[in-house]
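Undergrad: Provided below are the primary sequence and the corresponding predicted coordinates.
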Amino acid sequence: MAVSPVSLTRVTQNIRTDFTALTLQQNQLDLFNAMARISTGRSYVTPGEDPAAAARALKLNQALSQQEQFGKNLEYADGVLASTDSSIAEIDSLLIEASSIASMNVSNLTSADERDAEAELVAGILGQLVAVGNRQFNGRYIFGGRRTDEMPFVDALGGVAYLGDTGDLLTRVDEGLTAEVNVPGNLLYGALSSQIAGNVDLRPILSDTTRFDSLSGAGGHGIRLGQLVINEDGGAGLFRVDLSKADTIGDAADMITAAAVAAGSSLTASVGDSGLVITPGGSQVTITDTSVGAVAADLGILTSEPTSAEITGDDLGVRLTSLTLVENLSGGAGIDLDGGLIITNGPESVTVDVSGALTVQDLINKINNAGAYVLARISADGAGIDLFNQVSGTSLTVGENGGTTAADLGVRTLDVSTPLDRLNMGKGVTRMEGKTDLAITAADGQSFEVNLDDAVTVGDVIDLINAAAVEAGVSVTASFAVVGNGIRIVDETGGDGDLVVGGANLSQAALDLGVDRRASSEDGLELSLSGGDVNPTRTEGFLDALVQLEEALRHDDTQGITLAAQRLDALAEEVRRVHGIVGARSQSMQSKLQQMQDASYTTQTLLSEVEDLDFTEAVTRMQAAQYQLQAGMQTSAQLMNLSLMDFLG
């Protein structure tokens with residue numbers, strides 16, 4: 001044990017030792033920090049050395065990381081748009097070539113063999129266009145919409161089916177800003193037909209379980225949940241109802257009733273067929289919104305004038321959702337699930353069994369998975385189901401299978417409301433103004449004619465046929481086919497001849513309506529004649545036009561070639577319009593990319609100013625730390641060099 005002499009004029013050995021160790025440690029730490037700064041190139045090693053600079057550097061690093069990610073997004077988007085731009089330029093060139101072939105073969109002077117040879121060239125162009133449609137960028141299909149991992153265009157049913165998505169591919173290009181980076185194949189190629197729009201309002205009845213997200217609201221703005229204010233004059237007075245946590249319309253009714261009970265009111269709320277029903281408890285009430293709310297208005301129960309009468313809320317506009325129960329469709333009437341649908345697309349005809357469908361999504365899945373290349377989805381207004389033909393080069397029709405399923409869903413391609421001018425791909429029905437158009441001869445030899453001047457829809461045609469038959473005293477009735485589609489004419493005269501429907505006065509109406517036919521009677525069987533469905537749906541793009549052109553060339557059909565040429569010219573203009581949109585997007589993306597690169601450079605400069613080391617100053621400090629350490633060690637050696645005199649007093 002060391003013995004320190006007691007002396008007020010000398011430094012003790014322990015103090016010398018502690019001082020020496022502390023000095024050397026500090027010198028070593030200063031040297032280590034100086035060397036660490038030089039090795040890392042940063043002006044501080046730990047945030048504690050400069051908290052303000054560290055906080056600023058953290059924000060700048062976060063901004064830089066975000067800018068770098070946005071830059072990568074922009075580079076990818078620019079690449080996709082560049083590939084799209086070059087692909088559309090190639091499409092435009094191929095369409096010009098196809099249009100040139102069509103123009104050269106419009107003349108009647110072209111032989112059938114020459115046209116057949118040109119048809120091979122058109123088939124080759126069609127194949128090239130399909131190949132362009134399946135083009136990829138970085139392993140992703142650029143014309144597949146949001147479904148970029150599957151080939152969008154495939155051969156199907158003798159045509160070309162589009163299996164891609166119909167949505168836009170978006171990417172974030174800045175804080176709170178997204179941009180479209182692709183053109184879906186259905187848009188560029190016109191690869192989906194116009195919809196077979198459901199002409200029946202399928203919106204379900206309102207029920208306690210109806211969720212707010214499936215309601216349009218009384219004003220069409222949805223339901224903006226919040227507080228409403230009820231004032232019961234002479235009763236419970238003013239009380240508030242908080243509906244912010246309600247999920248269904250039934251929740252809202254229960255919360256209003258519960259709030260009334262808590263306030264001492266006998267007012268009640270219930271769910272009606274289309275909206276809320278508020279029943280006052282005897283006193284007059286008003287229902288208003290708070291200064292920042294709109295829930296009472298959205299629920300259609302806003303009542304500014306005091307009333308003691310029952311308040312019937314406005315129609316809340318229930319929309320179809322994938323979870324809507326089939327039994328609730330059509331205002332609670334439901335649809336026929338036993339019959340099913342007959343979908344015919346080109347050479348393929350399938351019967352869709354919907355008997356097990358419980359929800360709207362079940363119906364959609366059964367149609368989409370039927371193998372007919374038909375896309376079913378809920379309409380944009382949430383009122384029905386729309387069908388689309390996915391195959392370019394085929395005609396799609398939808399009919400019944402002995403029931404009323406197609407009519408109930410509003411997707412039967414030929415029904416009472418179908419306009420005549422939409423038939424035959426928009427050609428309509430050719431009639432003889434002021435003269436009869438149909439001549440019908442029954443099996444017993446009786447006949448009558450029908451004037452279709454006043455007909456606007458297919459339903460009108462059926463009514464006029466039946467009226468003319470009654471007037472002529474002939475037992476013939478017209479209706480729709482029970483299986484499939486088309487106008488069905490039944491002969492109940494009991495004759496042994498043929499039922500014949502044809503044109504009168506050189507009218508083409510019978511042919512255009514699909515009833516220009518003859519039916520022979522058979523013993524014991526009802527004599528009927530079923531026409532064809534003359535309202536098929538086809539895709540509207542250039543692939544379908546090319547299929548039409550190829551078929552017309554192979555069949556030596558001059559009129560068909562002319563029509564196809566006209567379609568191609570119009571569609572080529574649409575392609576050029578889309579090309580212009582893509583070009584504008586590409587320029588915008590390049591400009592945004594340059595801006596992001598500039599912003600990233602600025603952020604890096606600011607970060608450098610905060611974090612980067614001044615090497616001249618750092619080296620000077622390191623050398624000073626080395627000198628200090630060396631001097632400290634020398635001083636320590638002298639301090640610790642003890643002699644006998646250090647202990648003598």
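TA: Structure received.
Undergrad: now do the buried residues in the host helix or strand of residue 478.
TA: Using DSSP states H and E, residue 478 falls within strand 476-480. Neighbour-count burial for strand 476-480 flags 476, 477, 478, 480 (criterion: 16 or more other Cβ atoms under 10 Å). C-beta coordinates here come from the backbone N, C-alpha and C atoms, glycine included.
Undergrad: kindly report the same for stretch 160-171.
TA: Residues 160, 161, 162, 163, 164, 165, 166, 169, 171 are the ones in stretch 160-171 that count as buried (16+ other Cβ under 10 Å).
Undergrad: same check, this time on stretch 72-83
TA: 73, 74, 76, 77, 78, 80, 81, 83.
Undergrad: then stretch 457-476?
TA: 457-458, 460-462, 464-466, 468-469, 474-476.
Undergrad: again, but for stretch 431-451
TA: 431-432, 436-444, 446, 448-451.
Undergrad: does residue 552 touch residue 566 like I think?
TA: No: applying Cβ atoms under 8 Å, one finds residue 552 not in contact with residue 566, separated by 11.8 Å.
Undergrad: more neighbours: these two, which one.
TA: Using other Cβ atoms under 10 Å as the criterion, residue 552 and residue 566 rank with residue 552 on top: 23 against 13.
Undergrad: OK, contacts around the residue nearest to the spatial centre of the chain?
TA: Residue closest to the average C-alpha location in the chain (Cα atoms, centre = their mean): residue 167, at 4.8 Å. By Cβ atoms under 8 Å, 6 or more residues apart in numbering, the residues touching residue 167 are 145, 146, 184.
Undergrad: can you tell me the element it falls in?
TA: Using DSSP H and E, no helix or strand contains residue 167.
Undergrad: for the strand holding residue 478, what is the distance to the chain centroid?
TA: The chain centroid and the centroid of strand 476-480 are separated by 41 Å under Cα atoms, centre = their mean, to the nearest Å.
Undergrad: so what secondary structure elements neighbour that strand?
TA: With contacts taken as 3 or more Cβ pairs under 8 Å, 6 or more residues apart in numbering; DSSP states H and E, strand 476-480 sits against helix 458-472, strand 487-491.
Undergrad: note down every partner strand of that strand and its orientation.
TA: strand 487-491 (antiparallel) (DSSP bridges).
Undergrad: with just CA atoms, put the helix or strand immediately after the strand it pairs with in the chain into PDB.
TA: As assigned by DSSP H and E, the chain's next helix or strand after strand 487-491 is strand 498-503. Presented in PDB, the C-alpha positions along strand 498-503 are these (Å, rounded to 0.1, in the frame of the first residue of the first chain):
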ATOM      1  CA  ASP A 498     -95.700 -24.200 -94.000                       C
ATOM      2  CA  LEU A 499     -95.400 -21.100 -91.900                       C
ATOM      3  CA  VAL A 500     -93.600 -18.500 -94.100                       C
ATOM      4  CA  VAL A 501     -92.200 -15.100 -93.100                       C
ATOM      5  CA  GLY A 502     -90.700 -12.800 -95.800                       C
ATOM      6  CA  GLY A 503     -90.500  -9.300 -97.100                       C
END
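Undergrad: paired strands for strand 498-503, with orientation please.
TA: Here, using DSSP bridges, strand 498-503 pairs with strand 438-441 (antiparallel), strand 518-520 (antiparallel).
Undergrad: tell me the mean pLDDT over stretch 64-74?
TA: In this model, stretch 64-74 carries a mean pLDDT of 81.
Undergrad: list the buried residues of it.
TA: Buried residues in stretch 64-74, defined by neighbour count with 16+ other Cβ under 10 Å: 64, 66, 67, 70, 71, 73, 74.
Undergrad: adding secondary structure and distance to residue 176, write those residues out as TSV.
TA: Listed next are those as TSV, based on DSSP: H, G, I helix; E, B strand; the rest coil; distance: Cβ to Cβ, whole Å:
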residue	secondary structure	distance to residue 176
64	helix	18
66	helix	12
67	helix	14
70	helix	11
71	helix	17
73	helix	14
74	helix	15
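Undergrad: kindly indicate which of those residues lies nearest residue 410.
TA: residue 73 (42.2 Å; Cβ to Cβ).
Undergrad: circling back: tell me the angle the strand holding residue 478 makes with helix 458-472.
TA: Angle, strand 476-480 to helix 458-472, by axes from the mean of the first three to the mean of the last three Cα atoms, to 10 degrees: 170 degrees.
Undergrad: what does strand 476-480 contact?
TA: 400, 414-416, 440, 442, 448, 461-462, 465-466, 469, 486-493, 499.
Undergrad: restrict that strand to CA atoms and write it as CSV.
TA: Only the C-alpha atoms of strand 476-480 are listed here, as CSV (Å, rounded to 0.1, in the frame of the first residue of the first chain):
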residue,chain,number,x,y,z
VAL,A,476,-100.4,-16.3,-85.4
THR,A,477,-98.6,-14.7,-82.4
ALA,A,478,-95.1,-13.2,-82.1
SER,A,479,-92.9,-13.2,-78.9
PHE,A,480,-89.3,-13.9,-78.0
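Undergrad: confirm that residue 160 sits in a strand.
TA: Yes: assignment of residue 160 by DSSP: H, G, I helix; E, B strand; the rest coil places it within a strand.
Undergrad: what pairs with it across the strands?
TA: Where residue 160 sits in a bridge, its partners, by DSSP bridges, are residue 155, residue 392.
Undergrad: if I look at it, how far off is residue 567?
TA: According to Cβ to Cβ, to the nearest Å, residue 160 and residue 567 sit 16 Å apart.
Undergrad: assign residue 287 to helix, strand or coil.
TA: strand.
Undergrad: let me fix that: residue 573
TA: Using three-state DSSP, the three-state assignment for residue 573 comes out as helix.
Undergrad: quick one: contacts for residue 326?
TA: With contacts defined as Cβ under 8 Å, 6+ apart, the neighbours of residue 326 are 334, 335, 337, 357, 358, 359, 360, 362, 363.
Undergrad: let's go with 10 Å and repeat that
TA: Residues counted as contacts of residue 326 (Cβ atoms under 10 Å, 6 or more residues apart in numbering) are 202, 204, 334, 335, 337, 354, 357, 358, 359, 360, 362, 363.
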